[in-house]
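In: next input, structure requested:
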Amino acid sequence: MVGVAQSAAAGLPADWRGRLRRSLAAQPAHLPQHSAPDAQPAAVLVPIVDRPGGPTLLLTTRAGHLRQHAGQISFPGGRIEPADLSVLAAAVREAREEIGIDDRYIEPLGYLPDYVVRTGFRITPVVALISPGFTLQVDAAEVAEVFEMPLEFPYHPDNFQPTRRVLHGVEVILNDLNFEGRNVWGATAIILQALSAALRKDS
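Out: Residues are numbered from 1 along each chain as shown. The predicted structure is shown next:
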């Protein structure tokens with residue numbers, strides 16, 4: 001089931017599409033500071049649905065029984081498989097497998113910086129425009145819910161709230177994003193902050 005939050009795009013720059021095209025990397029940049037020993041390469045699709053009433057981000061809630069990141073808010077994605085021809089191919093494949101978006105609705109815009117998570121993956125986010133009219137086919141074994149968040153919500157830095165957590169015995173402060181009773185944190189929140197920075201780059 002998809003919940004679409006209606007919101008005008010007044011809070012976004014009028015040229016938000018152009019800003020993303022100019023700000024995002026044309027190719028994945030696997031920089032040394034984003035690497036770690038034995039990190040497994042992974043890709044996520046950051047889908048921006050280009051709705052007439054304002055762009056929205058398509059997000060998922062992971063199924064509660066999964067071994068890693070159960071119940072967390074995430075983007076469609078996963079490990080890059082040997083058969084994947086590129087990072088983009090892996091992100092598109094994962095989106096198709098998890099939520100059933102057909103490739104013809106996906107227009108890649110570029111790449112955000114890699115992020116290494118404590119579970120041992122180096123995640124490369126692929127930002128893409130999604131044309132309205134797609135049909136979702138959700139894999140219930142991996143995804144409990146699909147919902148949409150207005151792109152302007154994470155665009156505003158004040159919507160991120162510092163939160164203290166203990167992860168693997170280490171105390172950290174992460175910036176959480178609370179949206180309609182859902183708590184977005186960890187890698188997903190960090191990717192949204194990077195996306196917001198890309199949108200503000202020409203400001």
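In: residue 120: neighbour count?
Out: 13 (other Cβ atoms under 10 Å). In this view, the C-beta of every residue, glycine as well, is placed from N, C-alpha and C.
In: likewise for the one 10 residues further on?
Out: Number of residues near residue 130 (other Cβ under 10 Å) recorded here: 21.
In: go on, residue 99?
Out: Per other Cβ under 10 Å, the neighbour tally for residue 99 reads 21.
In: that one against residue 138, yeah?
Out: Yes - with contact defined as Cβ atoms under 8 Å, residue 99 reaches residue 138; the gap is 5.4 Å.
In: who touches both of those two?
Out: residue 146 (Cβ atoms under 8 Å, 6 or more residues apart in numbering).
In: tell me which residues form a beta bridge with residue 147?
Out: Beta-bridge partners recorded for residue 147 (DSSP bridges): residue 3, residue 59.
In: so what's it scoring on pLDDT?
Out: Looking at residue 147, its pLDDT is 96.
In: export the helix or strand hosting residue 45 as CSV, just CAs?
Out: In this structure, residue 45 is located in strand 40-49 according to DSSP states H and E. Output of strand 40-49 as CSV, limited to C-alpha atoms (Å, rounded to 0.1, in the frame of the first residue of the first chain):
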residue,chain,number,x,y,z
GLN,A,40,30.7,-5.3,0.2
PRO,A,41,29.5,-3.1,-2.7
ALA,A,42,25.8,-2.3,-2.7
ALA,A,43,23.5,0.2,-4.5
VAL,A,44,20.2,1.9,-3.6
LEU,A,45,17.8,3.7,-5.9
VAL,A,46,16.7,7.1,-4.6
PRO,A,47,13.5,7.4,-6.5
ILE,A,48,12.0,10.9,-6.9
VAL,A,49,8.4,10.6,-8.3
